[in-house]
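S.K.: need a 3D model of the following:
(chains A and B)
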Amino acid sequence: MLRYHSAPSGHWLLAATGGRLLVVAAPDDRESVERTWAVVTESTGIQAVLDHLASNGLSATPPFALIEWSGELESSAATAQVIVRGGASVSVDSEGATVVIDGASATTWVERSLAGVASLSVSLAIAGADATAPADLPIISGVAWVDAVAVTAGGATTPFVPAAPAPAAVTPPAVTTPPVTPPVAAPAAPQLVSPPSAPIVVPVSADSASEIEDATIAEFTVTSVPEPEEPAAEEPAAFADDASVDTSATGYDSLFEETLVRSLEEAAARPDEAEEEAAESAPIASQGSAGDHDGMTMMGADFAALREARKKAREAGGAKPAPSVHKGPSYHLEISTGSNEPLGQTVLVGRAPSVSKISGGQIPRLVTLTGNEDISRNHAQFTIEGDTVVVTDLHSRNGTIVTLPGRSPQQLRAGEPTSVLADTVVDLGGGVTLTVRES
Amino acid sequence: MHVEATSTLQTSAAVIDLSVSSDSLVGNVRKVNEDSFLASTPIYLVADGMGGHRAGDEASQAVCATFAAAFPLPTATTAEAVLDAIQASNAAVRALSGNSATSISGTTLVGLALVEAYEGASIHWMAFNIGDSRIYNWDGRELRQLSVDHSAVQELVEAGIITQAQAAVHPERNIVTRAIGAFDAVDADIWLLPVGGNQSFLLCSDGLTKELSDTEIAAVLAEHDSARSETSVAQALTAAALAAGGKDNITAVFVESLASSSSLPDEDTTGRARRANAYLEDTMPRS
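M.R.: Here you go, the predicted model:
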């Protein structure tokens, strides 16, 4: 149960959702409230929130307390990551002891990862205010002006999703692989009875069989065809080389990947991995990637964390209970020219898109965006990997700019597949944008 | 056998005038023409059958019949329908072989189709290939081979072991590595190309390309003047191959298209100063 003590506006702003809360010193204007809310709800990880807070440089970074937690507070089994700067102080009841993390002592910020957490409280310095006011008002998700915040166990309406996924959530989400379309049967008899008048050439009756055989031997070498009933292992070695031929093709490598197989594995493994990473390697992640995180690269864990956070947010927001069988997200592209394209198979967009020598029966959908010469013939490609949309700039002349929700625009590196989220805007230039939508 | 035809295919995005000439000759050596072709908007095929005891011509004919039945109307089709027809052709050729282990028949297949993803979407050429028949793109000056042979020598060429010139005389030059009817499943190479303006494609069996080099084919195409000649482009090609030896069956299908549309892309992409957004974070390549 998350509770806060209300304070006059203009000092400390609390934004909380799911297992994340941020208390930040903020001016009393609508813009900062909206921005704070967006950062907390849309950032892809605690580092991303930190990035935003420190985006104007260290000296302009406001005092804040940033906390992410997961797990069972009731059984003192929660883990928490706490980052504090300036006049905020977080008191954590962890493994029977009380740990106080005070930001005032650091010139940058203080960061701790704690296990065995039973409760948390945030006390905030406000000149002339009662610093010991009890956090009394419950909140599940939202923004409020506060002077104290507490996270405690208890309350049937606890919004926090346990770290261990509920049984229903264990069911591999998403990615119900569509069955491979079986080859159509031979055309129906009536069609054969009345062949079309189209010019089919069906030449020449055979002469004597012996002559035919002679001719065949003389010039015409048949494929070394194995017995029809033999398994594929008996194929000539040349067949095995096909894969290497395919991968040598440039620019469309990802088309040849057996994404279906891998995506199933990912879909099945991801929830557990994400939880384990969050639980076990949180300290490493926070130290290692805080400096390295350039805002450009989305790590898989970031996505997992964001998805988790969104799921929590939805559930906390009183959304319908999760269905017992998860269905994978399906996406479509909303094109600024007014059309929508489903994102089932690979989608290739450009002024005059083409594909060259693909095998395996997975044909990309070509979307032609006419009338704009800023766009290259083959400009960008969208694929679904697992339940993530991956966009690749196909060495377009003028480049591709993507804007992930809540983040600043970034230019794609040519040819480099980049994962994006729902509601990401992909700008091809010339005013043409494609928005990834979850449908 | 020689066929010429013109047709018009209209979609909501474009009007495409098509002119096709096709010709198939048995050659100077063979007794049987095992090649078959289909030239019926929106599908153009050349299939080169193989196998003894008439099995080869039956196989190539079965493929053309399957496609003809699958695409009876001169309207744009879909890539999925073409893939389905390829698999259906494979099943049809497999059925010819029956349970006999001695008379296995197979055929190459090279094809061209007009496809659209859905009604009203932009239209594309879909080229597909299994085996060592070929499809070329001809732009009036330059002949460009689109397909890549599924042949033993092509793999040696791509591996850098032999040159293209050596491949032409290599003892294994007639061994194909993929064919319709060879296995229960067949995997075609696919190309998708935008439709626009004047475009020409040549589909042919190896009886043409083993007699004539690409340069010689291009010379025939460049010299041929349909308006003044009594023979079609396809006839000019097969006649040249016949004169050069004609050791195999020779089949050529030449497709010319003229697409008219308000929005067909032909221009180069306009270069543009890098979008100078100060807020863009630096993602320039490190190298």
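
S.K.: contacts and neighbour counts: CA atoms only from here.
M.R.: Fine.

S.K.: residues near A:Asp102, how many?
M.R.: 22 (other CA atoms under 10 Å in any protein chain shown).

S.K.: kindly apply the preceding question to B:Ala219 instead.
M.R.: B:Ala219 has 15 neighbouring residues, counting by other CA under 10 Å.

S.K.: and it, that one's in a helix?
M.R.: Yes - if the criterion is DSSP: H, G, I helix; E, B strand; the rest coil, then B:Ala219 is within a helix.

S.K.: hmm, A:Asp136 is touching A:Met1, no?
M.R.: No - in this structure, A:Asp136 is not within contact of A:Met1 by CA atoms under 8 Å, at 10.6 Å.

S.K.: so between the two, which is more surrounded?
M.R.: Applying other CA under 10 Å to A:Asp136 and A:Met1 shows that A:Met1 carries more neighbours, namely 18 against 14.

S.K.: the more buried one against A:Pro138, yeah?
M.R.: Yes - assessed by CA under 8 Å, A:Met1 is found in contact with A:Pro138 at 7.0 Å.

S.K.: just confirm A:Leu50 is within a helix.
M.R.: Yes - using three-state DSSP, the assignment for A:Leu50 is a helix.

S.K.: what about it, neighbour count?
M.R.: Per other CA under 10 Å, the neighbour tally for A:Leu50 reads 17.

S.K.: how about the one 5 residues further on?
M.R.: As a burial measure, A:Ser55 scores 11 neighbours (other CA under 10 Å).

S.K.: now do it against A:Ser408, distance only.
M.R.: According to CA to CA, to the nearest Å, A:Ser55 stands 11 Å off from A:Ser408.

S.K.: also B:Thr177?
M.R.: For B:Thr177, the distance to A:Ser408 - CA to CA - is 51 Å.

S.K.: the two: which has the busier surroundings?
M.R.: Using other CA under 10 Å, the more surrounded residue of B:Thr177 and A:Ser408 is B:Thr177, with 29 against 13.

S.K.: quick one, phi psi at that one?
M.R.: Torsion angles at B:Thr177 (phi, psi; degrees, to the nearest 10) stand at phi -110, psi -10.

S.K.: show me where the stretch 151-287 of chain B has its helices.
M.R.: Taking DSSP state H, counting those that start in this stretch, the helices of the stretch 151-287 of chain B run over residues B:152-158, B:164-169, B:206-209, B:214-223, B:233-243.

S.K.: so of these, which one's packed in deepest?
M.R.: Among the helices of the stretch 151-287 of chain B, the stretch with the highest mean neighbour count (mean count of other CA atoms under 10 Å in any protein chain shown) is helix B:206-209, at a mean of 25.

S.K.: pLDDT below threshold where in the stretch 1-150 of chain B?
M.R.: Along the stretch 1-150 of chain B, the parts satisfying pLDDT under 70 run over B:52-54, B:98-104, B:119-120.

S.K.: ok, now chain A?
M.R.: A:127-132, A:154-328, A:360-361.

S.K.: what residues does the stretch 101-250 of chain B have near chain A?
M.R.: B:101, B:117, B:121-122, B:147, B:152, B:155, B:158, B:174-179, B:182-184, B:187-194, B:247-248 (CA under 8 Å from any CA of the partner chain).

S.K.: buried subset of the residues you listed, written for PyMOL?
M.R.: Selecting only the buried entries of those in PyMOL, with 16 or more other CA atoms under 10 Å in any protein chain shown as the criterion:
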select buried, chain B and resi 117+122+147+152+155+174+175+176+177+178+179+182+183+187+188+189+190+191+192+193+194+247+248
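
S.K.: go through the residues of the stretch 101-250 of chain B next to chain A and flag which are in strands.
M.R.: Using DSSP state E, the subset of those located in strands is B:189-194.

S.K.: who does the nearest residue to B:Ser260 once chain neighbours are set aside bridge with?
M.R.: If the residues on either side of it in the chain are set aside, B:Ser260 comes closest to B:Val15, at 5.4 Å by CA to CA, 6 or more residues apart in numbering or on different chains. Beta-bridge partners for B:Val15, by DSSP bridges, are B:Gln10, B:Ser260.

S.K.: how about the one 5 residues further on?
M.R.: Each beta-bridge partner of B:Val20 is listed here, defined by DSSP bridges: B:Ala5, B:Val255.

S.K.: thought it was touching B:Val253?
M.R.: Yes - taking contacts as CA under 8 Å, B:Val20 lies within contact range of B:Val253: 7.0 Å.

S.K.: which residues do the two both contact?
M.R.: Common contacts of B:Val20 and B:Val253 (CA atoms under 8 Å, 6 or more residues apart in numbering or on different chains): B:Ala39.

S.K.: quick one: is whatever helix or strand A:Val349 lives in near chain B?
M.R.: Assigned by DSSP states H and E, A:Val349 belongs to strand A:347-350. No - using CA under 8 Å from any CA, strand A:347-350 stays clear of chain B, coming no nearer than 10.1 Å.

S.K.: helix or strand right after that strand?
M.R.: Using DSSP H and E, the helix or strand that follows strand A:347-350 in sequence is strand A:355-358.

S.K.: tell me what that next one is packed against?
M.R.: strand B:189-194 (3 or more CA pairs under 8 Å, 6 or more residues apart in numbering or on different chains; DSSP states H and E).

S.K.: now the strand it packs on: average pLDDT?
M.R.: Averaged over strand B:189-194, pLDDT sits at 92.

S.K.: also stretch B:176-186?
M.R.: Mean predicted confidence for stretch B:176-186 is 86.

S.K.: may I have that stretch exported as PDB, CA atoms only?
M.R.: Taking Å, rounded to 0.1, in the frame of the first residue of the first chain, the C-alpha atoms of stretch B:176-186 are listed here in PDB:
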ATOM      1  CA  VAL B 176      20.500 -28.500 -61.200                       C
ATOM      2  CA  THR B 177      20.200 -28.300 -57.400                       C
ATOM      3  CA  ARG B 178      16.600 -27.400 -57.100                       C
ATOM      4  CA  ALA B 179      13.700 -28.500 -59.200                       C
ATOM      5  CA  ILE B 180       9.900 -28.800 -59.200                       C
ATOM      6  CA  GLY B 181       9.100 -32.400 -58.300                       C
ATOM      7  CA  ALA B 182      12.400 -33.300 -56.800                       C
ATOM      8  CA  PHE B 183      11.200 -33.200 -53.200                       C
ATOM      9  CA  ASP B 184       8.000 -33.000 -51.200                       C
ATOM     10  CA  ALA B 185       8.500 -29.300 -50.600                       C
ATOM     11  CA  VAL B 186      10.000 -26.800 -53.000                       C
END
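
S.K.: and that stretch, how far from the chain's centre?
M.R.: Averaging C-alpha positions (CA atoms, centre = their mean, to the nearest Å) puts stretch B:176-186 17 Å from its chain's average.

S.K.: now do the contacts for B:Val115.
M.R.: With CA under 8 Å, 6+ apart, B:Val115 has these contacts: B:76-79, B:123-126.

S.K.: make a PyMOL selection of whichever of these turn out to be buried.
M.R.: Typed into PyMOL, the line below selects the buried ones among the contacts of B:Val115, using 16+ other CA under 10 Å:
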select buried, chain B and resi 76+77+78+79+123+124+125+126
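
S.K.: count the residues that sit near the residue nearest to B:Ala218 when sequence neighbours are not counted.
M.R.: Nearest residue to B:Ala218, sequence neighbours excluded (CA to CA, 6+ apart): B:Leu143, at 5.8 Å. B:Leu143: 20 surrounding residues under other CA under 10 Å.

S.K.: mind listing what's buried in the top helix by length along chain B?
M.R.: With secondary structure taken from DSSP state H, chain B has its longest helix at helix B:79-97. With burial defined by 16+ other CA under 10 Å, the residues of helix B:79-97 counted as buried are B:79-94, B:96-97.

S.K.: ok, now stretch B:109-120?
M.R.: B:109-117.

S.K.: I am finished for the moment; much appreciated.
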